[in-house]
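K.L.:
I would like the atomic coordinates for the input below:
(one chain, ligands or ions: 2)
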Amino acid sequence: MTAPAGSPPVRTLKDLLDEGVEGRTVLVRSDLNVPLDGGEITDPGRIVASAPTISALAEAGAKVIVMAHLGRPKGEPDPALSLAPVAVKLGEVLGRNVQLAGDVVGQDALARSEGLTDGDVLLLENIRFDPRETSKDDAEREALARALVDLVDGDGAFVSDGFGVVHRKQASVYDVAKLLPCYAGTLVAAEVDVLARLTDNSGRPYAVVLGGSKVSDKLAVIEALAPKVDTLVIGGGMCFTFLAAQGVSVGSSLLQEEMIDTCKGLLERYADVIHIPRDVVVADSFSAEAESKTVSVLDIPDGWMGLDIGPRSVKRFAAILSSAKTVFWNGPMGVFEFEKFSAGTKGVAEAIIEATGKGAFSVVGGGDSAAAVRLLGLPEDGFSHISTGGGASLEYLEGKTLPGISALETRAALEDPAQED
Ligand SMILES: Nc1ncnc2c1ncn2[C@@H]1O[C@H](COP(=O)(O)OP(=O)(O)O)[C@@H](O)[C@H]1O
Ligand SMILES: O=C(OP(=O)(O)O)[C@H](O)COP(=O)(O)O
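P.N.:
Numbering: from 1, shown residues only. Ligands and ions are numbered 1, 2, ... in the order given. Reported below is the predicted structural model:
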């Protein structure tokens, strides 16, 4: 894992294993935030990607305690977001029993952590059931971090392996790293090394494709990315704020009202960089069985919502992407989970695969984007790399400090022997 120039290398899982972990308790932060449909996991990609680190530690005799989140609970237990189905799937993938704690740092988690023997794996309940995980108050987050460390015996360690969440300054991602010897897991190390190839001197034309539904997160990233790239193709739930900025009526589509002026400015400053759809597939409700039709963006009926980009836009985006030498894609072009709104995602993905076949370096980033590739039956090896992090990758590309990475670098600097007087 390449550390920023001049800073000591971040310690990795290999360093921890070389130290020896037998009998030691190791806290691991994984990103197991998988898509669910009625309690069923529709794509276990993140669980599969997280398994090597957990497996290596258990095989080496560590007592492994895994911290993870699922969705965005409002700081209290939500049965629909319990990690129970994740624990079952993780056990299947690891080929070993995975215990699920009934709480995060409560009596059950404590009792189970005290009862662990070498090689055991304990998954804590959804870490975001505790409001301190995502608190903006440092003291609150630090209190949860200390409670998590209390689950660990004296010679414990922390492994940061949840690449998809390293852009979040949260207790289990950032604050725990200040309290224990910390290491980058195999997934985090691999992802950062791949993304390091997506820099300013990447092959040109450099295209970024943005979609999905986390509009507020990603609109903020666009301002930083726009000057760095040759093309910004925008679809999914992202495009409607841009369309509204052009005075278009977007019906009941996803819309970030407070960002309309920002988008107006971006469209003015980067008119030749930013490309938004000219036709969309609209629906009279958010459902797989909704009535739908393809319309010009100028004809979105009141009360209807855009749930995919239209065929004309797919064709235009594909033409733009066909000459790209570097492509980063985060966010589906539509609600691909519903078959009738999946054509936009499939068409743009196929265009990226075609560009990759002609020598482009392409990265797909994001839980749902990666899931879309697999669920739409597209060849994963048609892309140069499929990343488990969408927002994390975007903020890395933006050049932002990722709290989950900076915490590792800070610890490495503090523990670097060269720093000794
Ligand atoms: N036009 C749209 N309206 C509402 N939701 C959308 C639209 N287009 C895509 N989505 C949703 O975006 C979600 C993924 O968004 P996001 O989490 O940002 O992607 P990723 O996980 O790849 O970063 C998908 O569940 C998809 O259904
Ligand atoms: O799904 C995730 O990010 P992504 O949607 O950017 O891929 C991560 O698990 C982070 O989740 P969050 O955006 O609720 O912090």
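
K.L.:
For the residue of the stretch 51-200 of the chain found nearest ligand 2, list the residues it contacts.
P.N.:
Per Cβ to the nearest ligand atom, Gly164 is where the stretch 51-200 of the chain lies closest to ligand 2, at 3.9 Å. For every residue, glycine as well, the C-beta is placed using N, CA and C. Shown in contact with Gly164 (Cβ atoms under 8 Å, 6 or more residues apart in numbering): Asp31, Asn33, Arg46, Gly366, Gly367, Thr388, Gly389, Gly390, Gly391, Ala392.

K.L.:
Just the buried ones among those residues, please.
P.N.:
Applying 16 or more other Cβ atoms under 10 Å to these, the neighbour count classes Asp31, Asn33, Arg46, Gly366, Gly367, Thr388, Gly389, Gly390, Gly391, Ala392 as buried.

K.L.:
So which of the contacts of Gly164 are in helices?
P.N.:
Members of those lying in helices (criterion: DSSP state H): Arg46, Gly367, Gly391, Ala392.

K.L.:
Those residues: which ones sit near ligand 2?
P.N.:
Gly367, Gly391 (Cβ under 6 Å from any ligand atom).

K.L.:
ok so, going back, from the buried ones among the contacts of Gly164, pick the one nearest Leu219.
P.N.:
Closest to Leu219 out of the buried ones among the contacts of Gly164 is Gly391 (11.9 Å), distances taken as Cβ to Cβ.

K.L.:
show me the contacts for the closest one.
P.N.:
Applying Cβ under 8 Å, 6+ apart, the residues contacting Gly391 are Gly164, His167, Lys214, Asp217, Lys218, Val221, Asn330, Gly366.

K.L.:
Same question for Ile353.
P.N.:
Ser362, Leu378, Pro379, Gly382, Phe383.

K.L.:
of all the ones in helices among the contacts of Gly164, which comes closest to Leu90?
P.N.:
Scanning the ones in helices among the contacts of Gly164 for proximity to Leu90, where the rule is Cβ to Cβ, the winner is Arg46, at 10.2 Å.

K.L.:
In this structure the closest one contacts Thr388, no?
P.N.:
Yes: under the criterion of Cβ atoms under 8 Å, Arg46 makes contact with Thr388 at 5.2 Å.

K.L.:
what residues do those two have in common as contacts?
P.N.:
Counting by Cβ under 8 Å, 6+ apart, the residues touching both Arg46 and Thr388 are Asp31, Gly164, Gly367.

K.L.:
Of these, which fall within the contact range of ligand 1?
P.N.:
Among the shared contacts of Arg46 and Thr388, ligand 1 is touched by Gly367 when using Cβ under 6 Å from any ligand atom.

K.L.:
Least confident of the shared contacts of Arg46 and Thr388?
P.N.:
Lowest pLDDT within those is found at Gly367 (89).

K.L.:
gap between Pro379 and Glu339?
P.N.:
Separation of Pro379 from Glu339 (Cβ to Cβ, to the nearest Å): 20 Å.

K.L.:
same check, this time on Ile65
P.N.:
Distance check for Ile65 against Glu339: by Cβ to Cβ, it reads 40 Å.

K.L.:
So those two - more neighbours on which side?
P.N.:
Legend: neighbour count by other Cβ atoms under 10 Å for Ile65 and Glu339, higher for Ile65 (25 against 10).

K.L.:
Dig out what that one forms beta bridges with.
P.N.:
Assessed by DSSP bridges, Ile65 has beta-bridge partners Leu27, Leu122.

K.L.:
Do a quick rundown of the strands in the stretch 151-300 of the chain.
P.N.:
Secondary structure of the stretch 151-300 of the chain by DSSP state E, counting those that start in this stretch: the strands cover 157-160, 182-184, 206-210, 231-234, 274-275, 279-283, 292-296.

K.L.:
Name the helix or strand of the chain that has the lowest mean pLDDT.
P.N.:
Lowest by mean pLDDT, DSSP states H and E among the helices and strands of the chain is helix 403-415, with a mean of 80.

K.L.:
got the residue ranges for the helices in the stretch 251-400 of the chain?
P.N.:
260-269, 311-321, 343-357, 367-375, 391-397 (DSSP state H, counting those that start in this stretch).

K.L.:
got the buried residues for the second one?
P.N.:
Judged by neighbour count (16+ other Cβ under 10 Å), helix 311-321 contains these buried residues: Ser313, Val314, Arg316, Phe317, Ala318, Ile320, Leu321.

K.L.:
Output the contacting helices and strands for that helix.
P.N.:
If you count contacts as 3 or more Cβ pairs under 8 Å, 6 or more residues apart in numbering; DSSP states H and E, helix 311-321 packs onto strand 206-210, strand 231-234, strand 274-275, strand 279-283, helix 343-357.

K.L.:
Need those in CSV (columns: mean pLDDT).
P.N.:
Converted to CSV, the helices and strands packed on helix 311-321 look like this (pLDDT from 0 to 100):
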stretch, mean pLDDT
strand 206-210, 96
strand 231-234, 96
strand 274-275, 97
strand 279-283, 98
helix 343-357, 98
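
K.L.:
export these to TSV and tack on distance to ligand 2?
P.N.:
Below are the helices and strands packed on helix 311-321 laid out as TSV (distance: least, Cβ to the nearest ligand atom, whole Å):
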stretch	distance to ligand 2
strand 206-210	11
strand 231-234	16
strand 274-275	20
strand 279-283	22
helix 343-357	15
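
K.L.:
So which residues on this structure come close to ligand 2?
P.N.:
Residues of the chain lying near ligand 2 (Cβ under 6 Å from any ligand atom): Asp31, Asn33, Arg72, Gly164, Val165, Arg168, Lys214, Gly366, Gly367, Gly389, Gly390, Gly391.
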